[in-house]
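>>> Compute the structure for the input listed below.
(2 chains)
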Amino acid sequence: MIVESPAKARKIASYLGSNFVVESSRGHIRDLPSGAADVPAKYKGQPWARLGVDVDNDFEPLYLVTPDKKATVTELKDALKEVDELYLATDGDREGEAIAWHLMETLKPKVPVRRMVFHEITESAIQSAAANPRELDRDLVDAQETRRILDRLYGYEVSPVLWKKVMPKLSAGRVQSVATRIVVERERERIKFVPAEYWDISATMDAGPDAEPRRFGARLVSVDGAKLATGRDFGPDGRLKNDDVRLLNEAEARRLATGLTDARLSVSSVEEKPYTRKPYAPFMTSTLQQEASRKLRFSADRTMRTAQRLYENGYITYMRTDSTTLSETAITAARNQARDLYGDEYLSPQPRQYNRKVKNAQEAHEAIRPAGESFRTPGQVAAELDTDGYKLYELIWQRTIASQMADAKGTTLSVRITGTSADGEECTFAASGRTITFAGFLKAYVEAVDSEAGGVADDAESRLPRLAQYQAVTAPELSPDGHSTNPPPRYTEASLVKALEELGIGRPSTYASIISTVQDRGYVWKKGSALVPSWVAFAVVGLMEKHFGRLVDYDFTAALEDELDRIAEGRQQRTKWLSGFYFGGEVGPDDSIGRAGGLKKLVGSSVEEIDAREVNSIPMFTDDDGRTVYVRVGRYGPYLERPLSDSESQRANLPDDLPPDELDIQIAEKLFATPMEGRSLGTDPETGHEVLAKEGRFGPYVTEVLPEGSKGKPRTGSLLKSMSLDTVTIDDALKLLALPRVVGTDPESGTEITAQNGRFGPYLKRGSDSRSLDTEEQIFTVTLEEALKLYAQPKQRGRRAAAAPLRELGDDPDSGKPLVIKDGRFGPYVTDGETNASLRKGDSVEELTIDRAVELIAERRAKAPAKKKTASKSKSTASKSTSSKTTASKSSSSKSSSSNGSKTTKSGTTRKRTTSSSKQS
DNA sequence: CAGTGAGCGAGCTTCCGCTTGACTT
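Model prediction:
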């Protein structure tokens, strides 16, 4: 029998006895290649190798055994030799069915194969599943394959658009892009939000010496029959949503409070209602993550790591589940324990089963609960667990027990107190109370509430005295109270997971990794527990909404799931649907992507149409002179920009840790007024100018601050390799600022020879003729004589003094040319003297065989003609989009970021620099 | 976002969902 998890295999083995060998696949064993580099030589040259899916041939996927699963597959194959029947007992959901199919394809079993499914790990469930095997469900596998291919096409087609238009290494995907969008949308709401102020009166009432409690709090809720405005009466624009409420300002509130001081107050109404609260459903992954976040302050990742350990060691059931169902044995165990601990009275009269359906739930597992047929109390396991494990176990145990307990009961009381102010206004106060008469399940477990959302815990009580209608009360304290409305709170890990789950996006096994993906890509950062979107996220989400709107719709996954269901039911063809999605055309009920002409066309036209400058400019607000202030996302981080004239604009760095919704015009003006920061090194004794050390586009450098109004540009100089920003001194800086150094005059031409540091290192310059120097030190020491000697030699071309090869491989068996591995700008490569081919990901300098070298060179040679084509193509795109876009703005900076062409060039420059410096070290 | 003078062999980045162990410190 093969199951998915080793822990599950051990458990099942104990039920099945020695006639069975139970092994595990440890999840999926095969997948699409992660990139062209992983594609076997046979398919290397294929146009679809990058995708791993042959889109032109029925979207035929190329599956490879995942590298880390090779050992598992070998084990399984070996085990298969010893058995006479194979049970594929992977999970009963879409992914589980696919794993079973991949196992069939990979293991090619010669013995009879049966597919069996169980939803809980109990002896009876397994026995009955084994007795009722079924066939592999090819339609369900098709649905999984469609999901996999769609995710690949989406991710691997859209991400490159972001690399070209925003920044390299960014990513887009069905799940992460929507997750990012959710966080960005919330920040946009917060930016737009206009707070409103409103006032009321909070009062302490006195019901007389016999009342218990004698004093209680109440709040003014209406004046002359008009309801007072409270927070929820305001829209996000700070205006009242409707006019039938009365808005009190501070002066009015104070006047009323004074006017009510000696007023006669009496109870105008008393309303009592029973209060009932049902227990919460047992945990599934999302609710566990939310509660562990609220109660234990665990991140989603920490919760899952802790739960994994508890699961592996047999303390809890499986922790990646979207089901709240408890097995019969679990219900019995929970009921027994509830009875033992709290007594019969606290037990729910009937066993409770929770069937809350989560969108797109697959329900292959039970709820998360203590393992076993009778639960161990937290006290019993405390000694065996670490702190985190104990806390999480206790949470799961309490929630499970509580789920079988009785409803909590009580009463809520709602009281109105009315009086007339000195000015003749009729004022009504409200007080509410809640008493819990029977705690029921609340005795075992109370769900935490989000403090930011202002919720009230289910067991919170507020007591009011017994009051009768028309009873007179006094108000010893009346204080005017000012409030202001708050923007919607930022998402936390837990609330984002909840939002995703409600949209049916992501799976229990991926919630925690979604959070890390959006952080790793730089889309979201954490401020305390709040998730704050980056400016890059604004740019990317803006691009996606404008050009790939359907793909970031909140219901895109839901629509996809409907289609996958149709495929799983055999009512829709996998290929037909994928073809509609990718190439356009009819795709079924949800063909909004098809109508747009399909993903492939959309990506193609996006690359032409999207204006990178526009995408990366986020208009924020207008300054006092009516100019728009933009946040622009550059390659060196976000900055502020506003136009000053047609050709000039003002810029300022944005601090990394400033949340977007805190950027307002005041902060912007302050940043514009602050010069780009840098460390002051002191003053130049000759000029009196302050000297700064700064981090710039081309790395660390020093510069001087010119006095206000002085003309000319400040002198600058890059730090030498031997210097660093932290340690550079004023003396070093003065030396650098004094460059270029005049070495002397060439006696022949009468031209000055200077020494300086440049993009490619130290060099000499004589007119337009240059020579590289070997060391930076030489800039300061080289003599005229030595310089002339260098000029006497022809300019060095290419690699200076051809570095020795890293390794000699011997001669090519076919051509007889010697093959050597050399180190180059882009890392090690193998060459036969004519064709150069980089070593690939899996290759190493030490272990490269001559056969592999020949293969690499042959591949490179096969591609060679394509090189010129690509180069000229990218050039033409660049000039095209540049000329068409920069007519209005002439600044050079706008040119440099307005097209993908120039971006590529720039990034090439940067990388060169990195490579050359790493070579030096 | 500081502004300077070569010449040259490109390839990779990226998706989602299923699951642990093999590493090092």
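>>> can you tell me the residue of the stretch 401-550 of chain A closest to DNA strand B?
Closest approach of the stretch 401-550 of chain A to DNA strand B (Cβ to the nearest atom of the strand) occurs at A:R507, with a separation of 2.8 Å. In this view, the C-beta of every residue, glycine as well, is placed from N, C-alpha and C.
>>> That residue is in what secondary structure piece?
Under the criterion DSSP states H and E, no helix or strand holds A:R507.
>>> likewise A:A475?
strand A:472-484.
>>> Buried residues in that strand, which are they?
A:473-475, A:478, A:480-481 (16 or more other Cβ atoms under 10 Å).
>>> CA atoms only for that strand - export them in CSV, please.
The C-alpha trace of strand A:472-484 is given here as CSV (Å, rounded to 0.1, in the frame of the first residue of the first chain):
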residue,chain,number,x,y,z
ALA,A,472,-35.9,57.5,37.7
VAL,A,473,-32.1,57.5,37.5
THR,A,474,-29.5,60.2,37.9
ALA,A,475,-26.4,60.9,35.9
PRO,A,476,-23.5,61.8,38.3
GLU,A,477,-21.1,61.9,35.4
LEU,A,478,-21.6,63.3,31.9
SER,A,479,-18.5,63.6,29.8
PRO,A,480,-18.5,64.8,26.2
ASP,A,481,-16.6,62.2,24.2
GLY,A,482,-14.9,62.8,20.8
HIS,A,483,-14.3,60.0,18.3
SER,A,484,-12.8,59.7,14.9
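>>> quick one: contacts of it?
A:195-208, A:215, A:218-219, A:230-231, A:250, A:253-254, A:256-257, A:260-261, A:263-267, A:417, A:419, A:429, A:467 (Cβ atoms under 8 Å, 6 or more residues apart in numbering).
>>> is the next helix or strand along the chain from that strand up against DNA strand B anywhere?
The helix or strand immediately downstream of strand A:472-484 is helix A:493-502, counting by DSSP H and E. No. Under the criterion of Cβ under 7 Å from any atom of the strand, helix A:493-502 makes no contact with DNA strand B; the nearest approach is 9.1 Å.
>>> In stretch A:12-29, which residues are buried?
Buried residues in stretch A:12-29 (16+ other Cβ under 10 Å): A:12-13, A:15-16, A:20, A:22-26, A:28-29.
>>> Could I have the CA atoms of that stretch written out in CSV?
The C-alpha trace of stretch A:12-29 is given here as CSV (Å, rounded to 0.1, in the frame of the first residue of the first chain):
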residue,chain,number,x,y,z
ILE,A,12,-1.7,2.3,9.0
ALA,A,13,0.9,-0.5,9.1
SER,A,14,0.0,-1.0,12.8
TYR,A,15,-3.7,-1.6,11.8
LEU,A,16,-3.0,-3.9,8.8
GLY,A,17,-0.6,-6.4,10.2
SER,A,18,2.2,-8.3,8.4
ASN,A,19,0.3,-9.1,5.2
PHE,A,20,0.8,-5.5,4.1
VAL,A,21,3.9,-3.4,3.3
VAL,A,22,2.9,0.2,3.7
GLU,A,23,5.1,2.8,2.0
SER,A,24,4.8,6.5,1.3
SER,A,25,5.3,8.6,-1.8
ARG,A,26,6.0,11.7,0.3
GLY,A,27,3.7,13.8,-1.8
HIS,A,28,4.1,14.3,-5.6
ILE,A,29,6.8,12.3,-7.2
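>>> hang on, the earlier thing: which ones, among the contacts of strand A:472-484, also lie beside DNA strand B?
Among the contacts of strand A:472-484, proximity to DNA strand B is found for none (Cβ under 7 Å from any atom of the strand).
>>> Show me those residues that map onto strands.
Judged by DSSP state E, strands contain the following of the contacts of strand A:472-484: A:197-206, A:215, A:218-219, A:265-267, A:417, A:419, A:429.
>>> Verify the contact between A:N616 and A:R635 for me.
No. Judged on Cβ atoms under 8 Å, A:N616 makes no contact with A:R635 at a distance of 9.6 Å.
>>> Look at those two and report which has more neighbours.
Neighbours were counted for A:N616 and for A:R635 using other Cβ atoms under 10 Å; A:N616 has more, 26 against 15.
>>> Run through the residues that contact the more buried one.
Residues in contact with A:N616 (Cβ under 8 Å, 6+ apart) are A:165-166, A:539, A:632-634, A:897.
>>> Closest one to DNA strand B out of those, please.
Lowest distance from DNA strand B to the contacts of A:N616 (Cβ to the nearest atom of the strand) belongs to A:G634, with 4.3 Å.
>>> tally of neighbours for that closest one?
A:G634 has 17 nearby residues by other Cβ under 10 Å.
>>> How about the residues of the stretch 451-600 of chain A by DNA strand B?
Proximity of the stretch 451-600 of chain A to DNA strand B (Cβ under 7 Å from any atom of the strand) is limited to residues A:505-510, A:514, A:517, A:521.
>>> same thing but 6 Å
Within the stretch 451-600 of chain A, the positions adjacent to DNA strand B are A:506-507, A:509-510, A:517 by Cβ under 6 Å from any atom of the strand.
>>> ok, and the most crowded of these?
A:G506 (24 neighbours).
>>> farthest pair in the buried residues of stretch A:12-29?
Farthest-apart pair in those is A:Y15 and A:H28; separation 25.4 Å (Cβ to Cβ).
>>> ok so, going back, contacts only, for the residue of the stretch 401-550 of chain A closest to DNA strand B.
A:320, A:322, A:362.
>>> Low-confidence regions, chain A specifically.
A:451-454, A:586-596, A:636, A:674-678, A:696-698, A:794-804, A:824-827, A:841-842, A:861-921 (pLDDT under 70).
>>> Centroid-nearest residue for it?
Closest to where the C-alpha atoms of chain A average out (Cα atoms, centre = their mean) is A:V518, at 1.5 Å.
>>> And for A:T849, the neighbour number?
Neighbour tally, A:T849, other Cβ under 10 Å: 10.
>>> For it, give its distance to DNA strand B.
Distance of A:T849 to DNA strand B, given as Cβ to the nearest atom of the strand, to the nearest Å: 18 Å.
>>> tell me the phi and psi of A:E145?
Main-chain torsions, A:E145, degrees, to the nearest 10: phi -60, psi -40.
>>> same question but for A:S24, I mixed them up
Main-chain torsions, A:S24, degrees, to the nearest 10: phi -130, psi 150.
>>> Tell me which stretches of the stretch 651-800 of chain A form helices.
A:665-673, A:730-737, A:778-781, A:784-792 (DSSP state H, counting those that start in this stretch).
>>> quick one: the first one near DNA strand B?
Same thing as helix A:665-673. No. Helix A:665-673 stays clear of DNA strand B (Cβ under 6 Å from any atom of the strand), getting no nearer than 11.0 Å.
>>> Need the residues that contact stretch A:530-537.
A:166-167, A:170, A:180, A:183-184, A:187, A:489-493, A:496, A:518, A:522-526, A:541, A:618, A:631, A:633, A:638, A:654, A:659-660.
>>> Would you give the sheet partners of the strand holding A:A475, along with the direction of each?
According to DSSP bridges, strand A:472-484 forms sheet pairs with strand A:197-206 (antiparallel), strand A:265-277 (antiparallel).
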